[in-house]
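Novice: Next come a sequence and a model predicted from it.
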Amino acid sequence: MLNRPAPLGPDSRIGLIAPASLPADHTRIARGIDRMRREGWHIEQRRDFTDARGYLAGSDEDRSNELNHFLRRTDIDALICIRGGYGCMRILPHLDYEAARAHPKLLVGYSDITALHLAFLAKSGWSGVSGPMVAVDWPDLDSGSRKQFLELAGGGAGPLLGPAGEDLSPARRGTVEGRIIGGNLSMVVRLLGTPYLPDMSGAILVVEDVGEEPYRIDAYFTQLRLAGVLQQLGGIVLAGFTECGFPAGKRSLTLDEVFEDNVMSLDIPVATGLLYGHFPVKSAVPIGVRARLSVTEDTARLDLLESVVRPA
């Protein structure tokens, strides 16, 4: 059973966490916090985010202690991540999943944060939002992306569109109902064989990625197929794959050929064109909720059948 948090509203209390990396420009944290406070939220942080350890936002102990501190509090409504990068996988064994199960909170973040979304879904039944982060998105968040995120986090359902109402594109016909699982493709693959990947049977996989050449995207989908995961899926939505080209003169398949070989050969509905990924203007995506993917010759829709948060 899905363990949904309270809806995000003007008086929500939000804990800031940095479970992965820190931004190169530290001023973006303060600018993001200022922008978030204008939503009426009460912002709490346990540290000043200056204690980086290489590419990590602090030691594994510091990052897991920070997250566990907020997981155990009963007065925190949501956890919004400073940024992604790398590091969430390292703290997965040290998190208090029992506290998470007892006190569900809306986890918001994307990219490396995919590891936390999937682990909390697998271990604590959490839904979550793959959405805007403090130092990456909030300082410059556009009105369309903000509106779509707030409606989703406030309890909205219905069709999942782009921030300006952009439709999905059809790629392979069919209709299926299942829960949305996904986020960053490479992070989904890295959880294979671990206890932190949720049951993928019948799931609608929504994935994006950044900075990966076509052969690496090919390898990720191939690994999912060899592990038997692709064959379990109910449907797939391919979102943004940015900076995923290859150097001029290098022999390579195109990204479309990789998708044709690995995704279009499956006997399940497939849609493309969801504005979600590593770029500024984008939609937030709910994780763990039931949805219906309907793809015809001319149209594609991803309808949320339940809210990512519990009724107010």
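Specialist: That came in fine, so what should we check first? Numbering: from 1, shown residues only.
Novice: what residues are up against residue 55?
Specialist: 21, 85, 86, 87 (CB atoms under 8 Å, 6 or more residues apart in numbering). Backbone N, C-alpha and C define where each C-beta goes, glycine included.
Novice: Apply 10 Å and report the result again.
Specialist: In this structure, residue 55 makes contact with 20, 21, 22, 85, 86, 87, judged by CB atoms under 10 Å, 6 or more residues apart in numbering.
Novice: ditto for residue 262
Specialist: Residue 262 neighbours (CB under 10 Å, 6+ apart): 217, 218, 219, 220, 221, 222, 224, 225, 230, 236.
Novice: Apart from its neighbours in sequence, what residue is nearest residue 259?
Specialist: residue 238 (6.4 Å; CB to CB, 6 or more residues apart in numbering).
Novice: Please, where are all the strands along the stretch 101-250 of the chain?
Specialist: Using DSSP state E, counting those that start in this stretch, the strands of the stretch 101-250 of the chain run over 106-108, 128-130, 158-159, 169-172, 174-184, 204-210, 235-242.
Novice: Let me know which of the ones you listed is tucked in deepest.
Specialist: Ranked by mean neighbour count, the strands of the stretch 101-250 of the chain are led by strand 128-130 with a mean of 28 (mean count of other CB atoms under 10 Å).
Novice: Pull the distance from it to the chain's centre.
Specialist: Relative to the centre of its chain, strand 128-130 is centred 5 Å away, using CA atoms, centre = their mean, to the nearest Å.
Novice: Of the strands of the stretch 101-250 of the chain, which is nearest residue 7?
Specialist: Nearest of the strands of the stretch 101-250 of the chain to residue 7, taken as CB to CB: strand 106-108 at 8.1 Å.
Novice: quick one: that closest one to chain centroid distance?
Specialist: A distance of 9 Å separates the centroid of the chain from that of strand 106-108, by CA atoms, centre = their mean.
Novice: ok, and what's touching that strand?
Specialist: Around strand 106-108, the neighbours that count as contacts under CB under 10 Å, 6+ apart are 4-8, 12, 14, 17, 19, 67, 71, 76-81, 100, 113, 116-117, 120-121, 126-134, 137, 149, 152-153, 284, 287, 308-309.
Novice: Give me the neighbour count for residue 56.
Specialist: Residue 56 has 21 neighbouring residues, counting by other CB atoms under 10 Å.
Novice: so how far is residue 38 from it?
Specialist: Distance check for residue 56 against residue 38: by CB to CB, to the nearest Å, it reads 30 Å.
Novice: follow-up on the earlier one: mind giving me the PyMOL select for the contacts of residue 55, buried ones only?
Specialist: The following PyMOL line selects those of the contacts of residue 55 that are buried, judged by 16 or more other CB atoms under 10 Å:
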select buried, resi 20+21+22+85+86+87
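Novice: Return the subset of the contacts of residue 55 lying in strands.
Specialist: Among the contacts of residue 55, no member falls in strands (DSSP state E).
Novice: where are the low-confidence patches of the stretch 101-250 of the chain?
Specialist: Residue ranges of the stretch 101-250 of the chain with pLDDT under 70: none are present.
Novice: what are the ranges of the helices in it?
Specialist: Taking DSSP state H, counting those that start in this stretch as the criterion, the stretch 101-250 of the chain carries its helices at 114-124, 143-153, 185-190, 214-226.
Novice: Include mean neighbour count when you put those helices into CSV, please.
Specialist: Conversion of those to CSV gives the following (neighbours: other CB atoms under 10 Å):
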stretch, mean neighbour count
helix 114-124, 25
helix 143-153, 19
helix 185-190, 22
helix 214-226, 17
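Novice: Could you dump those helices into a markdown table and include distance to residue 28?
Specialist: Putting these into a markdown table (distance: least, CB to CB, whole Å) gives the following:
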| stretch | distance to residue 28 |
| --- | --- |
| helix 114-124 | 21 |
| helix 143-153 | 16 |
| helix 185-190 | 23 |
| helix 214-226 | 28 |
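Novice: my guess is residue 192 meets residue 230, correct?
Specialist: No - applying CB atoms under 10 Å, one finds residue 192 not in contact with residue 230, separated by 11.3 Å.
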